[in-house]
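Participant: Need a 3D model of the sequence below.
(one chain, ligands or ions: 1)
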Amino acid sequence: MSKCRKIAVLGSSLVGKSALTYQLMEKMFIKEYNPTIESTYRTTFTYNSQEYELVVTDTAGQDEFSIFPAQYLIDVHGYVLVYDILNKKSFEVISTLHDRLINITGNANVPLVLVGNKVDLDEFREVSFEDGKTLAAKWNVTFLETSAKNDDDAKKIFNALLREIERINGNVSRDGCVMC
Ligand SMILES: Nc1nc2c(ncn2[C@@H]2O[C@H](COP(=O)(O)OP(=O)(O)OP(=O)(O)O)[C@@H](O)[C@H]2O)c(=O)[nH]1
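Facilitator: Numbering: from 1, shown residues only. This next block holds a predicted model:
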């Protein structure tokens, strides 16, 4: 039986949340920028020989002043926190979003993956690999640098997140797709 997992992709505007989500869904890179209001996608995904139905919400970009939308907290199993390695500000916003997530859920062990995106544009980078790695180590989460141009990178994110979700929630979390 497939397991259903709801995932929210969070981060500032323009960091590549839609591009990464679309890469996972359609195996294509979107070059054009269209601001997201909110889009939810479903796909089947195999992790560790188990089939999952992923329900992925690509959120509207947040900043440090955004109110954390309640719908991103309800029945969400895990989060992808994305920043742009070319944009230091987007990296700073990630810490604010993380703090909010932990405070609102009251759970310091929320399953999440930290993603530094646009690594194909490495020569313009403002955030070092070490800075991302250090932040992820502080939170005890998986850290990945990705390019939304790369199909494998999108898969790596969702593999890592499912591993976290299973590690933290194990089999006690909700199986089946009744609540998706
Ligand atoms: N070179 C490169 N461009 C990227 C990458 N990811 C996204 N982009 C581009 O960056 C722009 C913004 O990407 P989006 O995916 O729309 O960003 P977003 O985070 O969803 O933005 P909002 O909808 O405003 O929240 C688009 O022009 C994408 O093509 C990447 O890994 N590499």
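Participant: For the chain, what lies in contact range of the ligand?
Facilitator: Counting by CB under 6 Å from any ligand atom, the positions of the chain adjacent to the ligand are 11, 13-19, 30-31, 33, 35-36, 60-61, 117-118, 120-121, 147-149. Glycine gets a C-beta too; all of them are placed from N, C-alpha and C.
Participant: mind running it again at 5 Å?
Facilitator: 13-19, 31, 33, 35-36, 61, 117-118, 120, 147-148 (CB under 5 Å from any ligand atom).
Participant: from these, which would you call buried?
Facilitator: For these, burial is judged from neighbour counts taken by 16 or more other CB atoms under 10 Å, and it is met by 13-19, 36, 61, 117-118, 147-148.
Participant: From the residues you listed, which land in strands?
Facilitator: Applying DSSP state E to those, the entries found in strands are Asn117.
Participant: Out of the buried ones among the residues of the chain next to the ligand, which one has the weakest pLDDT?
Facilitator: pLDDT across those is lowest for Thr36, at 79.
Participant: Does it touch Gln62 like I think?
Facilitator: No. Counting by CB atoms under 8 Å, Thr36 does not reach Gln62; the two are 11.0 Å apart.
Participant: Pick out the residue nearest the middle of the protein.
Facilitator: In the chain, the residue lying closest to the centroid (CA atoms, centre = their mean) is Val80, at 1.4 Å.
Participant: Next up, the contacts around that one.
Facilitator: Residues near Val80 by CB atoms under 8 Å, 6 or more residues apart in numbering: 7-10, 17, 20, 112-113, 115, 157, 161.
Participant: want to try a markdown table for those residues, with distance to Glu26 and secondary structure as columns?
Facilitator: Output for the contacts of Val80, formatted as a markdown table (distance: CB to CB, whole Å; DSSP: H, G, I helix; E, B strand; the rest coil):
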| residue | distance to Glu26 | secondary structure |
| --- | --- | --- |
| Ile7 | 16 | strand |
| Ala8 | 19 | strand |
| Val9 | 15 | strand |
| Leu10 | 21 | strand |
| Lys17 | 15 | helix |
| Leu20 | 12 | helix |
| Leu112 | 24 | strand |
| Val113 | 21 | strand |
| Val115 | 19 | strand |
| Ile157 | 15 | helix |
| Leu161 | 19 | helix |
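Participant: between those residues, which is nearest Thr105?
Facilitator: Leu112 (10.6 Å; CB to CB).
Participant: So what's the residue count around that closest one?
Facilitator: 26 (other CB atoms under 10 Å).
Participant: Quick check: nearest residue in space to it, chain neighbours excluded?
Facilitator: Tyr79 (4.2 Å; CB to CB, 6 or more residues apart in numbering).
Participant: Bridged to that neighbour, which residues?
Facilitator: Under DSSP bridges, the beta-bridge partners of Tyr79 are Ala8, Leu112.
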